[in-house]
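Visitor: no sequence for this one, just the structure:
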């Protein structure tokens, strides 16, 4: 069999019709360009396509117009949230680090303990953590906790390390909690290297960091009568406004002032969100021959022969006097625009123009705060505002000067310590309302801008007895209701939400009893013997037990925090509509938002309240009742009875 010749192989010819068909297909494919315009119009111009197209077009425009109307309706009708800062909106929770929670099993609370309990702050819905002094302390000191400072740039070893602090700040930030640190600028420990140097060398670089005198002076420590000057043989007398172990710093020394501002800057750079600078009124060093002048001249409206007379002052108390604009009564603005005083009545004839007096000492304090303000401003940037709070004044008139004025921003908030100090025994509705009004009037007397500056309120702190001890444990819910519904930032001492009373120790710091966490050993504060005796009521008033009761002080406090965050309570006007010896009632109002009515009975017996129909609607909703008496909606409380030591909050549609 022969082999085919592959090189000479030829394909068999195709049939002619196959060739013609393939050619036709190729020509058709090469010439296809889709339907032409006329063909498309012919296809599209049918009843079915026209109907579909028109329906879709109508639906598009109807949807677009509906969305536009909805957007306009939302903008016009939905209330706008007030523009408030983080420190204006949220509760500030004050913690003594030695007393909050111990993780080192040495009986002393620490920074790690605060970090471990951040979850508790989140449960309370607290977003601002105020920590008392954490600076390095002299050994063997137990009086004036946190004041015996030997290094303004170091953490007390009993509280932990600097790393512990930075970890705490970072963890707090992750929980959206701001950290505010107490800074004590007035004094140091007598074991501070500065003082050791100053005491040993009268001509050294730190000789004038403290206040020295050859002969001392006549000043005493508060009302104790104890001398405020202590002799160091061969060196002279040094001044101490508190204790001999706490010598006052000399702010007339420029190098000392820089040391302090450097320390403030150090902690701000570590990430703290703000500071409470305490004892600011004591940085005025008018002592010895010049005498310390700590009394604020009273504003007077006394009129003699038609003139407003300023208080008579000794030459050493020269003051700057400025005539201020005519003040208005402490007021809120009605929805119709009419001004009313705290009792809701329209304001009448204008009051006499006051003479506003700033004593020289207060001007010096303002200058000190201005220097600190520069440090805080330099450390503030977009998204990170550094808060400056001040504390320390012997009168309301003196305290409000720490705001500055319309031309000079100083403290963001001077703490209203006078309000705290005015509350003891059985509080009076008239006295409390007068205290609120006094603060507002003092601000108004400075200028219009200062009148609108933010307030703060507190009922306890680390330097005074607990509210439950000063007043009554039965008043805790009422007073917490007051605190969390006033116009301004509430500052709450740790344990006030539990009704802590302090321990039975006969000293000035029984209020620093360790936090009561549970009914177990040492209130679950520490495995070791606590540095301070436990609270008198720790077995029943502790977090573990109070969580179980819906009507406990703890759970009522949680509800109050949430109420405080409501826009009318955060930023609305304060309108007092009833005040008596035993009770008070007021409205918190913000345009386009529901109005909140707060009713308080400080007395031990029932209190009757009557509210006019033009201020309170005949149908309201109960928001909170400390005894559970008022619940539900459509309640008529225009005439109501509130049981002794109870509080109630209602809300209703704003009266236009």
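Guide: Good, I have the coordinates. Note that this is a predicted model, so its numbers are computed, not measured.

Visitor: just checking, residue 389 touches residue 410?
Guide: No. Shown here, residue 389 and residue 410 do not form a contact pair, counting by CB atoms under 8 Å, at 11.0 Å. Yep, even glycine has a C-beta here, placed from its N, CA and C like the rest.

Visitor: Show me what the helix or strand hosting residue 130 packs onto, helices and strands only.
Guide: With elements delineated by DSSP states H and E, residue 130 resides in strand 128-131, which encompasses its position. Packed against strand 128-131, as judged by 3 or more CB pairs under 8 Å, 6 or more residues apart in numbering; DSSP states H and E, are the following elements: strand 92-95, strand 178-183.

Visitor: could you point out which element follows the first one?
Guide: This means strand 92-95. Along the chain past strand 92-95, the next helix or strand (assigned with DSSP H and E) turns out to be helix 111-116.

Visitor: rewinding a little: strand partners (parallel or antiparallel) of the strand holding residue 130?
Guide: For strand 128-131, the paired strands and their directions (DSSP bridges) are strand 92-95 (parallel), strand 178-183 (parallel).

Visitor: hang on, residue 462 is in a strand, isn't it?
Guide: No. Under DSSP: H, G, I helix; E, B strand; the rest coil, residue 462 sits outside any strand and is assigned coil.

Visitor: just to revisit the earlier point, same list, the helices and strands packed on strand 128-131, but as a markdown table with distance to residue 212 and mean neighbour count please.
Guide: Written out in a markdown table, the entries for those read as follows (distance: least, CB to CB, whole Å; neighbours: other CB atoms under 10 Å):
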| stretch | distance to residue 212 | mean neighbour count |
| --- | --- | --- |
| strand 92-95 | 35 | 23 |
| strand 178-183 | 24 | 22 |
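
Visitor: which one of the ones you listed lies closest to residue 454?
Guide: When the helices and strands packed on strand 128-131 are ranked by distance to residue 454, counting by CB to CB, first place goes to strand 92-95 at 12.0 Å.

Visitor: one step back: Serialize the helices and strands packed on strand 128-131 to a markdown table and add fields for mean pLDDT and distance to residue 165.
Guide: Rendered in a markdown table, the data for these read as follows (pLDDT from 0 to 100; distance: least, CB to CB, whole Å):
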| stretch | mean pLDDT | distance to residue 165 |
| --- | --- | --- |
| strand 92-95 | 98 | 13 |
| strand 178-183 | 98 | 9 |
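
Visitor: between the ones you listed, which gets nearest to residue 457?
Guide: When the helices and strands packed on strand 128-131 are compared for distance to residue 457 using CB to CB, the nearest one is strand 92-95, at 10.2 Å.

Visitor: just how off-centre is that closest one within its chain?
Guide: Between the centre of strand 92-95 and the centre of its host chain there is 9 Å, according to CA atoms, centre = their mean, to the nearest Å.

Visitor: And the contacts of it?
Guide: Identification of contacts with strand 92-95 by CB atoms under 8 Å, 6 or more residues apart in numbering yields 114, 121, 124, 126, 128-132, 180, 456, 458, 461-462, 489-494.

Visitor: Give me the ChimeraX select line for the residues you listed, limited to the buried ones.
Guide: In ChimeraX, this line selects whichever of the contacts of strand 92-95 come out buried by 16 or more other CB atoms under 10 Å:
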select :114,121,124,126,128,129,130,131,132,180,456,458,461,462,489,490,491,492,493,494
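
Visitor: Now do the helix of greatest length in the chain: distance to the chain's middle.
Guide: Ranked by residue count, the top helix of the chain under DSSP state H comes out as helix 47-77. When C-alpha coordinates are averaged (CA atoms, centre = their mean), helix 47-77 and its chain have centres 48 Å apart.

Visitor: Following element in sequence after it, please.
Guide: Where DSSP H and E defines the elements, the next helix or strand beyond helix 47-77 is helix 86-89.

Visitor: circling back: of residue 389 and residue 410, which one has the most company?
Guide: residue 389 (25 against 20; other CB atoms under 10 Å).

Visitor: which element is the closest residue to that one other than its chain neighbours on?
Guide: Spatially, and ignoring its direct neighbours in sequence, residue 389 is nearest to residue 276 (4.4 Å; CB to CB, 6 or more residues apart in numbering). Remark: residue 276 resides in strand 274-277, with elements defined by DSSP H and E.

Visitor: State the mean pLDDT of that strand.
Guide: Per-region confidence: strand 274-277 scores 98 on mean pLDDT.

Visitor: just stretch 632-650 next, same as before
Guide: Model confidence over stretch 632-650, given as mean pLDDT, is 97.

Visitor: cool, and stretch 478-490?
Guide: For stretch 478-490, mean pLDDT is 98.

Visitor: For that stretch, measure first residue to last.
Guide: Taking CA to CA, to the nearest Å, the first and last residues of stretch 478-490 lie 14 Å apart.

Visitor: so what's the residue nearest to residue 389 up against?
Guide: Taking CB under 8 Å, 6+ apart as the criterion, residue 276 is in contact with 130, 180, 181, 182, 183, 389, 390, 391, 415.

Visitor: picking up where we left off before, what I need now is the helices and strands packed on strand 128-131 written out in TSV, including distance to residue 650 for each item.
Guide: Formatted as TSV, the entries for the helices and strands packed on strand 128-131 read as follows, by distance: least, CB to CB, whole Å:
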stretch	distance to residue 650
strand 92-95	26
strand 178-183	32
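
Visitor: so which of those strands comes closest to residue 228?
Guide: In terms of CB to CB, the element of the helices and strands packed on strand 128-131 nearest to residue 228 is strand 178-183, at 22.8 Å.

Visitor: hey, what's the nearest residue to residue 483 once chain neighbours are set aside bridged with?
Guide: Nearest residue to residue 483 in three dimensions, chain neighbours excluded: residue 490, at 4.8 Å (CB to CB, 6+ apart). The bridge-partner assignment for residue 490, based on DSSP bridges, gives residue 457.

Visitor: I figured residue 490 was touching residue 484, is that so?
Guide: Yes. If you go by CB under 8 Å, residue 490 and residue 484 touch, sitting 5.2 Å apart.

Visitor: Find the residues that touch each one of those two.
Guide: Jointly contacting residue 490 and residue 484 under the rule CB under 8 Å, 6+ apart are 91, 564.

Visitor: Understood, closing this out.
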